[in-house]
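Q: What follows is a predicted protein model with its sequence.
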Amino acid sequence: MVSRVPAGPPAAPGRGRAAAGLLVAAAIWGALAAGCGGPPGAVPQQAPEGATVPAAPGAPAGSGAAANVAPAVAEEVLRAGGQVYVRVVEGQWDVWVVAPEIDVKPGDHLLLGKGPLRKGVDVPELGRSFAELIELPALQVVDAGTAKASLALAPPPGGQAIADVYRDRQALSGKPVKVRGRVVKASKGIFGANWYHLQDGSGVEADGTHDLTVTSQADLSVGDVAVAEGALTLDKDLGFGYFYACIVEEAALVKE
């Protein structure tokens, strides 16, 4: 969400007007940082009202089947009453979940089940209250490779894997590309477009070839699987530290 800049007196010509422009730009970049892969230290969003852990298409509710929409990593772990309480960062979400006790520690990769969001949950054994807590039937600790494989999607007919777009980017520059990906981050209404990060399980996180940014007028949500098609742009520099080795702007984006 774009932060609102408080209204103030009219900007004086020259320096005052430039300063006001910088405030507006800072608000826009703040929105991109929160929802579209900003610089280190950007704060992920909290669970939305009435949300559950987002389910991958076809994941049965309450079954303990993997329901990840993005890589999920344990950040904090607490234990009480045979339950494990884990703060999980998954895509742009930063949430607390509770599940039956398992051996989990900070830094572990997780496959998540699906469950309801509870508000204002007191846990006397821990001496604390959770503003929001998602109750899961199960958690599973896996290695990074298994976590990545759980999110794998096949390229669309006539299309490419996201990793292949990066591999062949010089040959594909300015040409149409077509990928299938899961929305793992979304920022709406930035520079007149919606910004999405798509992943298909290919590529390497360490070098950024696992994630493709697309802009579109289509309205999608985190967890949606979609096919994106549009011209590939290389080395897009938006300033303020936002640089995209590959980006597809004004993409045709169709939810599956």
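A: Looks like it arrived, so ask away.

Q: going forward, measure contacts between C-alpha atoms and count neighbours the same way
A: Will do.

Q: Just give the closest residue to Val86, not the sequence neighbours.
A: Val77 (4.6 Å; Cα to Cα, 6 or more residues apart in numbering).

Q: just the strands in the stretch 101-250 of the chain please.
A: 109-112, 117-123, 128-135, 139-142, 176-190, 193-199, 212-216, 225-239, 242-248 (DSSP state E, counting those that start in this stretch).

Q: quick one: which of those is nearest Ile102?
A: Nearest of these to Ile102, taken as Cα to Cα: strand 139-142 at 7.5 Å.

Q: strands paired with the closest one, and their directions?
A: strand 109-112 (antiparallel) (DSSP bridges).

Q: avg pLDDT for the strand it pairs with?
A: Model confidence over strand 109-112 averages 94 on the pLDDT scale.

Q: so how far is that strand off the chain centroid?
A: 15 Å (Cα atoms, centre = their mean, to the nearest Å).

Q: can you check stretch 185-205 too?
A: 7 Å.

Q: Please parse this structure into its domains.
A: The chain breaks down into these domains under automatic domain parsing: 1-35, 72-149, 162-255.

Q: The ones you listed: which one's closest to Pro155?
A: Of all these, domain 162-255 comes closest under Cα to Cα, at 5.5 Å.

Q: Show the residue spans covered by the helices in this structure.
A: 15-35, 144-149, 162-167, 169-172 (DSSP state H).

Q: Show me the one of the strands of the stretch 101-250 of the chain that comes nearest Trp96.
A: Taking the strands of the stretch 101-250 of the chain one by one with Cα to Cα, strand 128-135 is closest: 5.2 Å.

Q: neighbouring contacts of the closest one?
A: If you take Cα atoms under 8 Å, 6 or more residues apart in numbering as the criterion, strand 128-135 is touched by 47, 52-53, 95-99, 114-123.

Q: quick one: Pro176 and Gly203, what's the gap?
A: According to Cα to Cα, to the nearest Å, Pro176 stands 20 Å off from Gly203.

Q: Just want to know which of the two has more residues nearby.
A: Between Pro176 and Gly203, counted using other Cα atoms under 10 Å, the more crowded position is Gly203 (20 against 14).

Q: List the contacts of the nearest residue to the more buried one once chain neighbours are set aside.
A: Nearest residue to Gly203 in three dimensions, chain neighbours excluded: His210, at 4.0 Å (Cα to Cα, 6+ apart). His210 is in contact with Ile162, Ala163, Gln199, Asp200, Gly201, Ser202, Gly203, Val204, counting by Cα under 8 Å, 6+ apart.

Q: contacting residues around the fifth one?
A: Under the criterion of Cα under 8 Å, 6+ apart, the contact list for Gly201 reads Lys148, Ala149, Ser150, Leu151, Ala152, Leu153, His210.

Q: Give me the neighbour count for Glu256.
A: 9.

Q: And the pLDDT for it?
A: pLDDT, read off for Glu256, is 94.

Q: Please apply the same query to Gly81.
A: Gly81 is given a pLDDT of 94.

Q: what's the burial count for the closest residue to it other than its chain neighbours?
A: Leaving aside its sequence neighbours, Gly81 sits nearest to Glu125 (Cα to Cα, 6+ apart; 7.4 Å). Glu125: 9 surrounding residues under other Cα under 10 Å.
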